[in-house]
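Participant: Build me a model from this:
(one chain, ligands or ions: 2)
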Amino acid sequence: MNISDAERIASVLESIKYKPALKMSEADLIVVTMCSVRQSAVDRIHGLIEKFRKLKTKNYKLQTILTGCIIKKDRIKFEKSFDYLVDIKDIKKIPEILNPSLRAKRNLGNYLDITPKYSSKFSANVPIMTGCNNFCSYCVVPYARDREVSRPAKEVIAEVKNLVRNGYKEIWLLGQNVNSYKDGKNNFSNLLKMVNKIPGEFWIRFTSSHPKDFNDEVINTMAIGGKITPYLNLPAQSGDDKVLKSMNRHYTIKDYKNKIEKLKKKIPGIAISTDIIVGFPGETKKQFENTAKLFRDVKYDMAYINKYSPRIGTAAAKLNDNVLWEEKKRREKVLTEILKQTALKGSQKYIGKTVDVLIEGKKQASESERSPVVNRAKRGSTTGAKNIWFGRTNTYKVVKIESFKNILGKIVKVKITEAQPFTLKAKII
Ligand code: SAM
Ligand code: SF4
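Facilitator: Numbers count the residues shown, from 1 in each chain. Ligands and ions are numbered 1, 2, ... in the order given. Okay, here's the model as predicted:
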């Protein structure tokens with residue numbers, strides 16, 4: 001969401017003739033798109049403030065803006081350290097903030113209808129909603145991002161059609177809780193079906209899903225397949241019902257597992273990931289063991305494991321954060337070890353298979369990775385340098401591939417030759 005916000009800010013700035021600076025030291029304007037989910041992200045702002053202070057001594061024209069997800073307390077704290085604090089919903093006003101003579105007369109409307117300056121030429125983030133109504137007890141999002149607002153399906157479809165026309169291969173439908181999308185006429189399942197019907201060769205992904213709203217209708221829509229990829233991030237947050245209740249999550253582990261079972265049955269080969277918080281206030285060793293059991297049972301392909309960090313203003317911040325940092329680290333390690341085993345088993349199923357991979361980037365092969373004997377004419381390269389490309393399968397598994405051709409942004413067919421927990425190796429066929 002931060003990247004997506006930054007792409008809209010870039011577009012607003014280009015509309016008033018700003019150009020991207022190559023280095024921070026060359027910039028006349030720096031806009032920081034802040035994240036408040038964890039304290040560590042907020043702490044990074046302090047480091048930036050110091051950097052900006054030094055830059056300002058060399059460039060008196062430099063202006064700084066803070067926007068993104070900001071809670072009230074940080075707003076007050078950072079107000080004096082930036083030239084402007086701009087609510088994310090007000091980014092259309094940046095031109096008039098920088099130059100009051102540009103004051104807009106008309107109603108500027110929702111910021112999500114700004115055409116973004118996409119940072120990739122083949123993968124695009126398309127927000128379908130913003131904000132959150134759920135108030136999970138640990139989470140700052142409803143305070144930093146306000147209540148849910150869905151974008152009209154017509155607008156989303158127009159944006160995706162335009163992207164596909166321009167050769168985009170991957171569309172991420174974004175929202176804090178995409179499953180509660182509603183524009184008055186359509187729910188999330190309808191929207192997915194509509195995007196799936198757009199002609200062209202592209203993949204549809206979406207995030208985040210909330211288990212309480214992830215229902216049979218969405219499972220059945222995912223099972224249609226087509227452009228909808230067989231991958232789901234379904235954040236469990238904990239494997240213990242009592243902890244889930246204290247987190248205000250509104251589902252039980254039985255509900256969660258039922259949904260996973262249905263998914264696996266209807267979409268064989270689907271890859272599943274989750275988000276987990278370890279060391280939530282009061283989480284006992286026994287309750288944590290239930291999360292470890294959930295990991296062993298579901299056999300996740302990936303998990304984003306977070307050590308609980310108290311966020312001021314949330315309900316959980318009033319609870320006693322009584323799990324020591326060392327113990328949180330231990331719990332994270334235990335889950336990572338289980339994950340490595342289940343992800344490896346999942347990855348090994350790909351060996352020998354032919355799959356499509358969307359190529360996202362490359363790294364120059366190191367000396368040891370270079371083949372000693374290569375036919376230069378055959379590989380069509382004048383430099384002799386071999387590249388290791390990396391991309392993802394439609395199930396979101398990372399794949400490394402050697403190729404001399406420029407395959408960036410293309411969906412290529414590869415044969416999987418090796419498997420590690422989180423990376424596959426493959427050859428182009
Ligand atoms: N909307 C998604 C959901 O319902 O699960 C999650 C979005 S949240 C912005 C991203 C992730 O950050 C969460 O899944 C959670 O694991 C993590 N997170 C949020 N608040 C946290 C906190 N106070 N401490 C540690 N991790 C946190
Ligand atoms: Fe935060 Fe997600 Fe809960 Fe909303 S649903 S409060 S974004 S964790």
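Participant: who touches Pro230 in this structure?
Facilitator: Listed by C-beta atoms under 8 Å, 6 or more residues apart in numbering, the contact set of Pro230 reads Met222, Ile267, Gly269, Ile270, Ala271, Asn394, Thr395. Glycine gets a C-beta too; all of them are placed from N, C-alpha and C.
Participant: Kindly report the same for Asn110.
Facilitator: Lys89, Val149, Arg151.
Participant: List phi and psi for it.
Facilitator: The phi and psi values for Asn110, taken as degrees, to the nearest 10, are phi -70, psi 140.
Participant: how near is it to Val412?
Facilitator: The gap separating Asn110 from Val412 is 38 Å, by C-beta to C-beta, to the nearest Å.
Participant: Need the three-state assignment for the residue nearest to Lys293 when sequence neighbours are not counted.
Facilitator: Leaving out its chain neighbours, the residue that sits closest to Lys293 by C-beta to C-beta, 6 or more residues apart in numbering is Gly239, at 6.0 Å. State at Gly239, reduced to three classes by DSSP: H, G, I helix; E, B strand; the rest coil: coil.
Participant: I'd guessed Gly239 sits against Thr291; true?
Facilitator: Yes: checked against C-beta atoms under 8 Å, the pair Gly239 and Thr291 is within contact range at 3.5 Å.
Participant: Using neighbour counts, pick out the buried residues of the helix or strand harbouring Asn220.
Facilitator: Here Asn220 is covered by helix 216-224, with elements defined by DSSP states H and E. Using 16 or more other C-beta atoms under 10 Å as the test for burial, helix 216-224 gives Val218, Ile219, Thr221, Met222, Ala223.
Participant: Get me the contact residues on the chain for ligand 2.
Facilitator: Cys132, Asn134, Phe135, Cys136, Cys139, Val141, Pro142, Gln176, Asn177, His210 (C-beta under 6 Å from any ligand atom).
Participant: how many neighbours does the residue nearest to Lys293 have?
Facilitator: Close neighbours of Gly239, defined as other C-beta atoms under 10 Å, add up to 25.
Participant: Now do the contacts for it.
Facilitator: So, once contact is read as C-beta under 8 Å, 6+ apart, Gly239 ends up touching Ile253, Asn290, Thr291, Ala292, Lys293, Leu294, Phe295.
Participant: swap the cut-off to 7 Å and go again
Facilitator: Residues near Gly239 by C-beta atoms under 7 Å, 6 or more residues apart in numbering: Ile253, Asn290, Thr291, Lys293, Leu294.
Participant: wait, which of these is closest to ligand 1?
Facilitator: Nearest to ligand 1 out of these is Thr291 (C-beta to the nearest ligand atom; 11.9 Å).
Participant: Highest neighbour count among the contacts of Gly239?
Facilitator: Counting by other C-beta under 10 Å, top hit in those: Thr291 with 26 neighbours.
Participant: my guess is that residue meets Val243, correct?
Facilitator: No: Thr291 is not in contact with Val243 according to C-beta atoms under 7 Å; the separation is 8.1 Å.
Participant: Regarding the protein, what is its longest strand?
Facilitator: strand 354-364 (DSSP state E).
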